[in-house]
Structure formats: C-alpha cells, structure tokens
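**Student:** Sharing a sequence plus its predicted fold:
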Amino acid sequence: DVAVKVQHPYVLEETFFDADLLFHIVNLSEKLTVPMKKEDFLQVLQRQTNFEWEAYNLRKFAYNFSREISQGEVKFPDVSLDLLSPEVLVESWANGFSVGKFLSSLDKGITDVSSGLKNTAKQLGETMTEALEDTKRDIARTIFNLNIKMFLRDNLIHSDMHAGNILFSEETGDLTVLDAGQTASLRPDVQNRFG
C-alpha cells in the first residue's frame, strides 16, 4: 500500500501571493514584525511545496534514525524515487491514527456498564487504564527522545512536529513520523553551544 501526495495545481502561485500580501501588510504596520527576511521566508515556503525536498528529508531522517528504526522505536515512510517529482510524492503507507487522537481518547474509559457487571468492569477498566497509561508514557518518551536526537545529535529538526504528523498503530505499537517537508538546522556557532 502507498500514500500519494499530489501538489495542488495553483499552490505555488497562491502561496507566494499570500506571502507577498503578508509582507506588504507587515511593512504598512508599525506594530507587526516578521522574524526573518522575505527572501528567507520564500525559500522556506519553496522547499515546503517541493516534494523532492520532503523525500530528501524523509530519507535523511531514516538514515539518522536507522538504529531506532531497526529496534522498532520509530518509522519514517519509504519514498519511491522512481515516481518522485516536485509535484508528486509516493511513499509507503503507514497504518494507525494520529497520536493526538490516541492520547485524547485515554480519558474516556468504560462508561456504559450494567449493574451486575460493575465490579468486573471496574477491575477491567483499572487494568486497561494502567496499560493505556504505560503506552502513553512510552509514546511520550519516544517522541521526547526523537526530538532531542534531532536537536542535539543530528542537527536536522522536523519543523512541523505535532500530534497530527505522528501516527500510532495500536496493532503493532509503531510510531510513524509524517510530513517532513519542513526542516531546520542550527547554525554551527549555535549548535556548538550545546556541546
């Protein structure tokens, strides 16, 4: 199974028009600022809308996390280089759903129980809650370690790391990181401060 990402036909024009509008408004305002030059901002947007950059980033993350991948801690989708273009990205399918959805569902528990099954359900609920809490801690630990490694060891940081871009499979326990179109790296002089 594969996932296919196809660029919207007018995304570049719309994106750069929006950027021009944003910087025009900022220039007219006395109170608004943008933390980067327009040229730098446009370069970030250009990379994010080019699937060849996303493919490069996914492959680089897979290389950087090869040990963690082999140990089953994390996954990144495999990319088909034969079908790759700036407008099309074909990658391996990842089963699961967003980590955010999984973590927010932990508090729901068992709510509808007939009166004769209350004690059994309570014991079962407590056991399930403990297992879910353990899974929640494992997920949080893995995501924390993933980010620390990106920042402090590899100096290649996923710039859009949020719960919607991390899938969790209840069947296998896999965590898969998606949408690597935007990355960042610290300048050497900044990175050296971390040792």
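**Tutor:** Nice, thanks for sending it over.

**Student:** Please count neighbours and contacts with C-alpha atoms only from this point.
**Tutor:** Noted.

**Student:** Now stretch 32-44: buried residues?
**Tutor:** By 16 or more other Cα atoms under 10 Å, the buried positions in stretch 32-44 come out as Leu42.

**Student:** Over to it now: how far is its first residue from its last?
**Tutor:** End-to-end distance of stretch 32-44 (Cα to Cα, to the nearest Å): 20 Å.

**Student:** what residues are up against the residue sitting nearest the centre point of the chain?
**Tutor:** The chain has Asn165 as the residue nearest its centroid, 3.2 Å off, counting by Cα atoms, centre = their mean. Asn165 makes contacts with Ser98, Val177, Leu178, Asp179, as judged by Cα atoms under 8 Å, 6 or more residues apart in numbering.

**Student:** residues near the residue nearest to Trp93 when sequence neighbours are not counted, how many?
**Tutor:** Excluding the flanking residues, the one nearest Trp93 by Cα to Cα, 6 or more residues apart in numbering is Val2, at 4.4 Å. Residues near Val2, counting by other Cα atoms under 10 Å, number 13.

**Student:** Over to Glu87?
**Tutor:** Glu87, neighbours per other Cα under 10 Å, totals 14.

**Student:** so which of the contacts of Asn165 is the most crowded?
**Tutor:** Val177 (25 neighbours).

**Student:** pLDDT wise, what is it at?
**Tutor:** Here, the pLDDT recorded for Val177 equals 97.

**Student:** Could you measure from it over to Ser169?
**Tutor:** According to Cα to Cα, Val177 and Ser169 sit 12 Å apart.

**Student:** And the strands in the chain, which stretches?
**Tutor:** In the chain, the segments counted as strands under DSSP state E are 2-6, 88-92, 97-98, 157-158, 166-168, 175-177, 183-184.

**Student:** Any idea which of the ones you listed gets closest to Leu28?
**Tutor:** strand 183-184 (29.2 Å; Cα to Cα).
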